[in-house]
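Trainee: have a look at this prediction, sequence included:
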Amino acid sequence: MTPLRPPVLFPLFAKVTTIPGIGPRLVKLVERIAGENVVSLVWHLPTGLLDRRLSPKVGEAPPGKIATLTVEVLAHAPPPPRGKVPYRVTCGDATGKITLVFFRGESDYLERILPVGEQRVISGKVEVFDGRRQMTHPDHIVPLTQIDDIKRVEPIYPLTEGLSPKVLDKAIRASLAKAPELPEWLDPAYLQRQKWPSWRDALRLAHAPQADDDLEPTTPARARLAFDELLSNQLALALMRLKARVRRGRSLLGDGRLRAKVKAALPYALTAAQDRALTEIFGDMASETRMLRLLQGDVGSGKTVVALLAMLAAVEAGAQAALMAPTEILAQQHFETLRPLCDAAGVRVEVLTGRVKGSARNALLAGIADGAVQILIGTHALFQKEVEFHDLGFAVIDEQHRFGVHQRLELADKGTGTDVLVMTATPIPRTLTLTAYGDMDVSRLDEKPPGRMPIDTRLVNLERLDEIVGAVQRAAAGSAKVYWVCPLVEESELVDLAAAEERYAHLATLLGANVALIHGKMKPAEKDAAMASFSSEGGAAVLVATTVIEVGIDVPAATIMVIEHAERFGLAQLHQLRGRIGRGGRPGTCLLLYAAPLTATATARLNILRDSEDGFLIAEEDLRLRGSGEVLGTRQSGLPEFKLANLMAHGELLAAARDDAKLIIARDADLASPRGQALRTLLYLFEQDDAVRTLRSG
Ligand code: ADP
Ligand code: MG
């Protein structure tokens, strides 16, 4: 049974259209900045404030400042018909005059709200024009009796075009009114020590800043909300992990005979880092507890052979192993890399993707079901119901962040007590590892195989495209292999494709058959043909590609990479791309083409890439420059995006949340106690429904 969201949260998870004044037109705009539910507006915190507390006499109103003035309306000066001048209303008090300026002012309306001879309170920015005070489109105009309608301090919210601050503010007030009192889920002693308000008070306070300091992430209100979010994240991960662990693992460790054969067939010795990671993995496999380990290693650090040796240990013990890759190209490539090694050990390895069809597919499925296939490589096709293993003991997920926690466990569900190794090439900083994987065990390949050549990275203005094309042409006339990467802009894959196809056509006129094109929308056979041509001697010298080549492609002969519009990529993504060259014992050149002008941050980011090849350093610097919200292009990366927490400011809270989650699991893993029940509400509040689902009902 799926547990249900507690009714107390229903108002928050209603659509934003349940808020008066938010109709079909506005709902799109609200969704763009916040989300589709009332709760997303509640999380939409102000980023600034307007202070209207200054209320001087007119003669003393300081230009450039927001002021709230009490004035008498003196005279209206409508513009002449068809005149280009604005509508003006003169107001004043005993100390001086100020002109209110309205472009496209309706005289009926203005005469109604600003009747001559009466007093009005106006609020807005004081300007000086021609030596006289004026205020253009005051934000507020009210009679003295309604002075309280003007908030002395107004929060400023991030907006989108077409959404007015007033409408958004009203919607946020209405959504806050729907926020219920909730049972306290924080440890009372911790709450007291931190001097934090209750959840509901924290929300109210966060939305009602009184001074700039109140916008800091460290205020009690904001820190509390951030902690709530981090705790829900850490608790959810801990619960998922617990579920995976509870199902007992099995001791899976063979006698080493297959591994010895493969090692003998390798043209190189393992690096110390690879040996260390394998020792850790074998330790997990030998133990009765189920393994859930992350293998983290920069591009080119040699994760594949580690995965193979681990899989072989399971095969030696009589079980099957599977390796899941994020794309077909990569699955195919893993297969081609591993097959000769498996052959050397007499191990049967097969590949299953969407393109294996008909009788070949049936035969393969039969081989998987009866255990004849010992190692299976594939895409998410491995998840399908029709894929039944004889005895899946070990699963490797080469995920590059494209799979979620849920999917990882799904593959593991295909066996009993299946050990899971997750491999990632994205050098996520430690803080982020924690948010994405919780307290998962981590092995790191922090050393590259010897013989790696340095890559000379340069930033080049796109205006010099012709020169670059000329250089590529000359290189192609020699024996060089060149990647030419066109950016993938999320908005429209079609537009991106068009750009790649156009570049391909352009280069093909200069280089003829020497150019190949590859992109995600091509048929598998076409992709294979393009890859085959580019990887063979005498084949295509230039491969024009969208970012499909980002994941794992290995053409050792490639030495040059051109990346168009480098400023549009995440740093880690650029680093991954660049990792495709300089593999074959010859130095590489990477040209980052950018469209000028670059912002200071964009320049700094690209400079980091130019100056360093250390994936971890790059990721840390990227985090520093962009903040966690955007790090590594979070959206594509599958890392959690926080609405309230900011890992730069709340790193310590993350550690505290992890410890708290651990303690909760140790004491009340079923979340059955009163605090446990409150924590369930917290999980639902942050949409961690999957995690609640792991709990037994109750
Ligand atoms: P990644 O970690 O990016 O998946 P790969 O597993 O694709 O890296 O390895 C990159 C390249 O390094 C491959 O061509 C592989 O054969 C080679 N390689 C792996 N381990 C070693 C080693 N210990 N010594 C030399 N070359 C190695
Ligand atoms: Mg790899």
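Mentor: Nice, thanks for sending it over. Residues are numbered from 1 along each chain as shown. Ligands and ions are numbered 1, 2, ... in the order given.

Trainee: what about residue 133, which SS state?
Mentor: Following DSSP: H, G, I helix; E, B strand; the rest coil, the label given to residue 133 is strand.

Trainee: do I have it right that it meets residue 126?
Mentor: Yes. Assessed by CB atoms under 8 Å, residue 133 is found in contact with residue 126 at 6.1 Å. In this view, the C-beta of every residue, glycine as well, is placed from N, C-alpha and C.

Trainee: report the set of residues contacting both of the two.
Mentor: 61, 63, 98 (CB atoms under 8 Å, 6 or more residues apart in numbering).

Trainee: so where is the stretch 351-500 of the chain shaky, pLDDT-wise?
Mentor: For the stretch 351-500 of the chain, the stretches with pLDDT under 70 are 399-413, 427-432, 439, 488-497.

Trainee: and the residue of it that's closest to ligand 1?
Mentor: residue 449 (3.3 Å; CB to the nearest ligand atom).

Trainee: report the contact partners of that residue.
Mentor: Residue 449 neighbours (CB under 8 Å, 6+ apart): 268, 271, 300, 301, 302.

Trainee: the residue nearest to residue 391 when sequence neighbours are not counted: how many residues sit nearby?
Mentor: Computed as CB to CB, 6 or more residues apart in numbering, the closest residue to residue 391 that is not its neighbour in sequence is residue 319, at 5.2 Å. By other CB atoms under 10 Å, 24 other residues sit near residue 319.

Trainee: touching, residue 319 and residue 376? I think so.
Mentor: No. Here residue 319 does not reach residue 376: they are 11.9 Å apart, not a contact under CB under 8 Å.

Trainee: residues from this structure in reach of ligand 1?
Mentor: Taking CB under 6 Å from any ligand atom as the criterion, the chain approaches ligand 1 at residues 268, 270-271, 274, 297, 299-305, 425, 449, 554.

Trainee: which of the residues you listed sit farthest apart?
Mentor: 268 and 425 (19.5 Å; CB to CB).

Trainee: how much space separates the closest residue to ligand 1 within the stretch 51-200 of the chain from residue 44?
Mentor: Nearest to ligand 1 in the stretch 51-200 of the chain, going by CB to the nearest ligand atom, is residue 158, at a distance of 37.9 Å. Taking CB to CB, to the nearest Å as the measure, residue 158 falls 7 Å from residue 44.

Trainee: and the next helix or strand past the top strand by length along the chain?
Mentor: Assignment by DSSP state E gives strand 66-77 as the longest strand of the chain. The helix or strand immediately downstream of strand 66-77 is strand 87-93, counting by DSSP states H and E.

Trainee: related to what we said a few turns ago, run through the residues that contact the residue nearest to residue 391.
Mentor: Neighbour list for residue 319: 252, 391, 392, 393, 394, 415 [criterion: CB under 8 Å, 6+ apart].

Trainee: what about those residues, which one has the most neighbours?
Mentor: Result: residue 394 is most packed of the contacts of residue 319 (other CB under 10 Å), 28 neighbours.

Trainee: check which helix or strand covers residue 336.
Mentor: Using DSSP H and E, residue 336 falls within helix 328-345.

Trainee: before we move on, the earlier item: of the residues of the chain next to ligand 1, buried ones?
Mentor: 270-271, 274, 297, 299-305, 425, 449, 554 (16 or more other CB atoms under 10 Å).

Trainee: mean confidence for stretch 682-692?
Mentor: Average pLDDT, stretch 682-692: 91.

Trainee: let me fix that, I meant to ask about stretch 653-664.
Mentor: Mean per-residue pLDDT for stretch 653-664: 93.

Trainee: how many neighbours does the closest residue to residue 226 other than its chain neighbours have?
Mentor: Spatial nearest neighbour of residue 226, excluding adjacent residues (CB to CB, 6+ apart): residue 645 at 4.0 Å. Residues within reach of residue 645, counting by other CB under 10 Å, total 29.

Trainee: also the one 5 residues further on?
Mentor: Close neighbours of residue 650, defined as other CB under 10 Å, add up to 24.

Trainee: again with the one 10 residues further on
Mentor: Residue 660 is flanked by 21 other residues according to other CB under 10 Å.

Trainee: what sits closest to it if chain neighbours are left out?
Mentor: residue 231 (6.0 Å).

Trainee: could I get the pLDDT score of that neighbour?
Mentor: 96.

Trainee: wait, residue 107 touches residue 79, no?
Mentor: No. In this structure residue 107 lies outside contact range of residue 79 using CB under 8 Å: 9.2 Å.

Trainee: need the residues touching each of those two.
Mentor: residue 87.

Trainee: ok, the two, which is more surrounded?
Mentor: residue 79 (16 against 12).

Trainee: got phi/psi on that one?
Mentor: Torsion angles at residue 79 (phi, psi; degrees, to the nearest 10) stand at phi -70, psi 150.

Trainee: isn't it up against residue 87?
Mentor: Yes. Here residue 79 reaches residue 87: they are 5.7 Å apart, a contact under CB under 8 Å.

Trainee: and for those two, which residues touch both?
Mentor: Common neighbours of residue 79 and residue 87 (CB under 8 Å, 6+ apart) are residue 105.

Trainee: and the helix ranked longest in the chain, what does it pack against?
Mentor: The longest helix of the chain (DSSP state H) is helix 220-246. The contact analysis (3 or more CB pairs under 8 Å, 6 or more residues apart in numbering; DSSP states H and E) places helix 220-246 against helix 188-194, helix 199-206, strand 292-297, helix 405-412, helix 430-437, helix 651-668, helix 674-685, helix 689-693.

Trainee: list the buried residues in that helix.
Mentor: The neighbour-count check on helix 220-246 (16+ other CB under 10 Å) flags 221-241, 244 as buried.

Trainee: if we can go back for a sec, what does the model give the residue nearest to residue 391 for pLDDT?
Mentor: So residue 319 comes in at 95 (pLDDT).

Trainee: how far away is it from ligand 1?
Mentor: To ligand 1, residue 319 is 23 Å away according to CB to the nearest ligand atom, to the nearest Å.

Trainee: quick revisit: what residues of the helix holding residue 336 count as buried?
Mentor: Applying 16+ other CB under 10 Å to helix 328-345 flags 328-335, 337-339, 341-342, 345 as buried.

Trainee: what's the answer for stretch 464-471, then?
Mentor: 468, 469, 471.

Trainee: tabulate these (CSV), appending secondary structure.
Mentor: CSV is the format used below for those (three-state DSSP):
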residue, secondary structure
468, helix
469, helix
471, helix
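
Trainee: okay if I get these as CSV plus distance to residue 518?
Mentor: Shown next, in CSV, are the buried residues of stretch 464-471 (distance: CB to CB, whole Å):
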residue, distance to residue 518
468, 20
469, 19
471, 22
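
Trainee: coming back round to it: the residue of the stretch 351-500 of the chain closest to ligand 1 in helix, strand or coil?
Mentor: coil.

Trainee: one more: residue 457?
Mentor: strand.

Trainee: what about stretch 423-438, how long is it end to end?
Mentor: 15 Å (CA to CA, to the nearest Å).

Trainee: what comes up buried for the helix or strand residue 561 falls within?
Mentor: Assigned by DSSP H and E, residue 561 belongs to strand 558-563. Neighbour counts over strand 558-563 (16+ other CB under 10 Å) mark 558, 559, 560, 561, 562, 563 as buried.
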